[in-house]
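1. coordinates only, sequence not included:
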Ligand SMILES: [Zn+2]
Ligand SMILES: [Zn+2]
């Protein structure tokens, strides 16, 4: 077993969370077909495949992978899933990074390296191959407000700031919001838990991230499933309120 194992848990029928201690991705089942929300890191692959087969599926059953934003810990297996037949989607603002045409800056990371928690987190990701996330060969676009025609039919909520193309994905019927890194419940610098925005090294525009919380709150989702941290069951509005308070303190 890996140092940072990936575990599958059922959030509700047809919605599964693929979680390590530090990052999450998700799986939607609909009529025997699958959509994957984000794509973990490359070293998650064997545990992901095992989890899929435990549910009675193979990668060929995955119709689509929706990538909330271009960071490599959210796209690690995207190209591999595309090669096995899935369509990949992202917001066009993040597409050049995913296609390997643009590189993100690592400059901001240095000033966080004195946080031991952050160092462990980065080492865990590196050990699972985050630095080997391959560029993707083909991408379709996510558009703000669109109901994406893939299994589970999530609605796109563009929430820029963490990256320009950051999107949350909303399941209206079950009132679940997959918030990516637009709102998380785990602080990757110190390990503190609870709803918050990411202000650390990887956020492009923290002020815009705070403004985008309005778009998340407008869904009035009951359950929030973030890219990092535990699910939040007390509604997006309370999560946004707490995140705003934390961001202004
Ligand atoms: Zn991110
Ligand atoms: Zn992330």
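-> It's in. Predicted, not measured: the structure shown is a model, and the values here were computed from it. Numbers count the residues shown, from 1 in each chain. Ligands and ions are numbered 1, 2, ... in the order given.
2. drop to CA atoms for contacts and neighbour counts, all remaining ones
-> Noted.
3. after the one helix or strand in the chain whose mean pLDDT sits lowest, which helix or strand is next? Please name it.
-> For the chain, counting by mean pLDDT, DSSP states H and E, helix 116-127 ranks last in confidence among helices and strands (a mean of 92). Next along the chain after helix 116-127, taking DSSP states H and E as the criterion, comes strand 140-141.
4. from the chain's centroid, how far away is that following strand?
-> In terms of Cα atoms, centre = their mean, to the nearest Å, the centre of strand 140-141 is found 17 Å from the chain centre.
5. contacts for it, please.
-> 87-92 (Cα atoms under 8 Å, 6 or more residues apart in numbering).
6. repeat that with 10 Å
-> Defining contact as Cα atoms under 10 Å, 6 or more residues apart in numbering, one finds that strand 140-141 is touched by 64-66, 87-95, 148.
7. looking at those, which are in helices?
-> Of the contacts of strand 140-141, the ones assigned to helices by DSSP state H are residue 95.
8. of the contacts of strand 140-141 - the most surrounded one?
-> residue 66 (31 neighbours; other Cα atoms under 10 Å).
9. so which pair among the contacts of strand 140-141 is furthest apart in space?
-> 64 and 93 (19.1 Å; Cα to Cα).
10. pick the one among the contacts of strand 140-141 closest to residue 122.
-> For these, the nearest to residue 122 is residue 94 (21.9 Å; Cα to Cα).
11. contact partners for that closest one?
-> The contact partners of residue 94, taken as Cα under 10 Å, 6+ apart, are 67-71, 102, 141, 163-167.
12. quick one: low-confidence ranges for the chain?
-> 1 (pLDDT under 70).
13. now do the strands in it.
-> Remark: strands assigned in the chain by DSSP state E are 7-12, 15-19, 24-30, 33-37, 62-66, 87-90, 140-141, 155-158, 167-171, 176-180, 184-186, 193-196, 223-226.
14. ok, the nearest residue to residue 228 once chain neighbours are set aside - how many residues close by?
-> Nearest non-adjacent residue to residue 228, counting by Cα to Cα, 6 or more residues apart in numbering: residue 23, 4.6 Å away. Neighbour count of residue 23, defined by other Cα under 10 Å: 22.
15. residue 230 is in contact with residue 23, correct?
-> Yes - using Cα atoms under 10 Å, residue 23 is in contact with residue 230, at 9.4 Å.
16. now for those two: what residues contact both?
-> With Cα under 10 Å, 6+ apart, residue 23 and residue 230 have common neighbours residue 186.
17. report the separation between the residue nearest to residue 228 and residue 16.
-> To residue 16, residue 23 is 14 Å away according to Cα to Cα, to the nearest Å.
18. residue 54 too?
-> Taking Cα to Cα, one finds residue 54 at 12 Å from residue 16.
19. hmm, back to that, closest to residue 247 out of the strands of the chain?
-> Within those, the stretch nearest residue 247 is strand 193-196; the backing value is 7.3 Å (Cα to Cα).
20. what is the closest one packed up against?
-> Other elements packing on strand 193-196 under the criterion 3 or more Cα pairs under 10 Å, 6 or more residues apart in numbering; DSSP states H and E are strand 184-186, helix 236-248.
21. quick one on the thing from earlier: intersection of neighbour lists for residue 54 and residue 16?
-> In contact with both residue 54 and residue 16: residue 8, using Cα under 10 Å, 6+ apart.
22. the two: which is more packed in?
-> residue 16 (18 against 11).
23. for the spatially closest residue to the more buried one that is not a sequence neighbour, list the residues it contacts.
-> Distances taken as Cα to Cα, 6+ apart place residue 10 nearest to residue 16, at 4.4 Å, with adjacent residues excluded. Residues counted as contacts of residue 10 (Cα under 10 Å, 6+ apart) are 16-18, 26-27.
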